[in-house]
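Q: let me see the structure of the following:
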Amino acid sequence: MSICFILANLNVGGQERLTIWLAEYFRSLGHEVCIVCLSGKGALLTECRERSIEVTIPAAPYRASFLQLDLLRWLRRFFRERRPDVVHSHAFEANYYARIAGLGLPGAFFAHEHNIYPDKRTVHFAIDSLLSRKSDRVICISHAVAEFHIRHEMLDRSKVSVIWNGVPLERGKVMRSRREVREELGIADATPVLIATGSFKPQKGHTVLIDALARMKNRDCILVLAGSGPLEAECRALVASRRLTERVRFAGAVDHIADYLEAADVFVLSSLWEGFGIAVVEAALSRRPIVATAVDGVVEIVRDMESAFLSMPGDAAALATKLDFALNRMASEPAMVHAMCETAYQRAREIFSLERMAGQILELYQEVLAGQVSAK
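A: A predicted model of the protein is given here:
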């Protein structure tokens, strides 16, 4: 099978990493796979080259234009020459260009929706609704994402497939010791450490988390923020203004997150909304206690007091209380917390693996292609 993935960019993000994992996995099964990176930009381009994943960059790269005719012509010509069996695009920009360029061409077209968009413009919903007719299936990463897009874009529910994200199980393997990572961050071995991973953008609620840290009764713990993004400078300024400099470490973009999870005591997710929550699965695979906001796709991964400590989104006081509660339970009831971590770990291995996700996507490809053959 010839599979062509379409992405707007290859920045460090969940949907980009997921596409790389799928490309590698499908290639290992003998399928012909390529990624079209519309903008030709992104830090993960280097990783693709290192993994020998074929990446094609348009002669007329994407310039954040609403209707870029030179890109549409290039992409349509690419589809005609390449003749992929499957075109699998991810998120609005890639879905938009793949759907238009593919009009009237053979092959199975799949659009992948990765998030909930509270600030998405009405015109974008209308465009997605209109162009969704070109997609043979719309894949959503959670039931929450599916319901959001069905409601706002009036999608045909029969064309929507929910396939939870999966993570390569080796993401939980530790390469460096707890002590080594803590020494790098300047943190003593006995100090309680909270870790949050993810891009610095409004969705992730970093300012709420920093406010929660200032409100915590436990004044000994240190918060590690692993990631980068447009709001990092604002978060650094907030940390300084709240006099938390000694209690916060900015780790930057991290290559092997399992090492940092191993060095931490509690994983925290402060998102205001979240389509799924790959970071939560990675924390579960590392058997770390999870404190997270009870939003959207997150509550499909973990349950309160069964596999995680859940808090209300956007509420710094509630998050501070929950973090204090988790740290206290780790000290007073370690067996209970261990059982919660084990529950989250087993669920991550059984339900949120790359193999399970890729298998379901491949079955969907085959189902649609078989239907096209029988319809001829």
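
Q: from now on I want contacts and neighbour counts done on CA atoms only, so please keep to that.
A: Noted.

Q: residue 131: what secondary structure?
A: Here residue 131 is helix, with the state taken from DSSP: H, G, I helix; E, B strand; the rest coil.

Q: and the closest residue to it other than its chain neighbours, how many residues sit next to it?
A: Closest residue to residue 131 apart from its sequence neighbours, by Cα to Cα, 6 or more residues apart in numbering: residue 99 at 6.5 Å. Other residues near residue 99 number 24, with proximity taken as other Cα atoms under 10 Å.

Q: past the helix or strand encompassing residue 99, which element shows up next along the chain?
A: Assigned by DSSP states H and E, residue 99 belongs to helix 91-101. As assigned by DSSP H and E, the chain's next helix or strand after helix 91-101 is strand 108-113.

Q: count the residues that sit near residue 43.
A: 12.

Q: quick one on the thing from earlier: shouldn't the residue nearest to residue 131 be in contact with residue 138?
A: No. Assessed by Cα atoms under 8 Å, residue 99 is found out of contact with residue 138, at 11.7 Å.

Q: mind giving me the domain split of the chain?
A: By the assignment in automatic domain parsing, the chain contains the domains 2-166+353-375, 169-351.

Q: now list whatever residues contact both of residue 99 and residue 138.
A: Shared contacts of residue 99 and residue 138 (Cα atoms under 8 Å, 6 or more residues apart in numbering): residue 132.

Q: where do the strands sit along the stretch 51-200 of the chain?
A: Taking DSSP state E, counting those that start in this stretch to define them, one finds strands in the stretch 51-200 of the chain at 55-56, 86-90, 108-113, 137-140, 160-162, 193-197.

Q: would TSV of the ones you listed with distance to residue 278, mean pLDDT and mean neighbour count be doable?
A: Shown next, in TSV, are the strands of the stretch 51-200 of the chain (distance: least, Cα to Cα, whole Å; pLDDT from 0 to 100; neighbours: other Cα atoms under 10 Å):
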stretch	distance to residue 278	mean pLDDT	mean neighbour count
strand 55-56	24	97	16
strand 86-90	16	98	25
strand 108-113	14	97	25
strand 137-140	14	97	25
strand 160-162	15	97	19
strand 193-197	10	97	25
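
Q: on that earlier part again, so what's the residue nearest to residue 131 up against?
A: 109, 131, 132, 134, 135.

Q: distance of it relative to residue 186?
A: From residue 99 over to residue 186 the distance is 50 Å, taken as Cα to Cα, to the nearest Å.

Q: just residue 32 next, same as before
A: Taking Cα to Cα, one finds residue 32 at 46 Å from residue 186.

Q: looking at these two, which is more packed in?
A: residue 32 (16 against 10).

Q: number of residues surrounding the closest residue to the more buried one other than its chain neighbours?
A: Leaving aside its sequence neighbours, residue 32 sits nearest to residue 2 (Cα to Cα, 6+ apart; 4.7 Å). Residues lying near residue 2 (other Cα under 10 Å) number 17.

Q: got a pLDDT number for residue 2?
A: Listed pLDDT for residue 2 reads 97.

Q: where in the chain is pLDDT low?
A: For the chain, the stretches with pLDDT under 70 are 373-376.

Q: the longest helix seen in it - contacts with which helices or strands?
A: Longest helix in the chain, counting residues (DSSP state H): helix 354-375. Contact partners of helix 354-375 among helices and strands, from 3 or more Cα pairs under 8 Å, 6 or more residues apart in numbering; DSSP states H and E: helix 14-28, strand 108-113.

Q: just put the ones you listed in TSV and tack on distance to residue 364.
A: Output for the helices and strands packed on helix 354-375, formatted as TSV (distance: least, Cα to Cα, whole Å):
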stretch	distance to residue 364
helix 14-28	14
strand 108-113	10
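
Q: out of the ones you listed, deepest packed?
A: strand 108-113 (a mean of 25; mean count of other Cα atoms under 10 Å).

Q: contacts for that strand?
A: So strand 108-113 is in contact with 85-92, 95, 99, 134-141, 145, 365, 368-369, going by Cα under 8 Å, 6+ apart.

Q: strand partners (parallel or antiparallel) of that strand?
A: strand 86-90 (parallel), strand 137-140 (parallel) (DSSP bridges).

Q: got the CA coordinates for that strand in PDB?
A: Coordinates of each C-alpha in strand 108-113 appear next as PDB, following Å, rounded to 0.1, in the frame of the first residue of the first chain:
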ATOM      1  CA  ALA A 108      -8.800   7.000  -0.200                       C
ATOM      2  CA  PHE A 109      -8.700  10.400   1.700                       C
ATOM      3  CA  PHE A 110      -8.500  10.600   5.500                       C
ATOM      4  CA  ALA A 111      -8.600  13.700   7.600                       C
ATOM      5  CA  HIS A 112      -7.200  13.500  11.100                       C
ATOM      6  CA  GLU A 113      -8.500  15.900  13.800                       C
END
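
Q: now that strand, how far from the chain's geometric center?
A: 17 Å (Cα atoms, centre = their mean, to the nearest Å).

Q: go on, stretch 231-247?
A: For stretch 231-247, the distance to the chain centre is 25 Å (Cα atoms, centre = their mean).

Q: now that stretch: buried residues?
A: Buried residues in stretch 231-247, counted by 16 or more other Cα atoms under 10 Å: 232, 235, 236, 238, 239, 244, 247.

Q: Three-state assignment for the closest residue to residue 26 other than its chain neighbours, please.
A: Among residues not flanking residue 26 along the chain, residue 33 sits closest, at 7.2 Å (Cα to Cα, 6+ apart). What three-state DSSP gives for residue 33 is strand.
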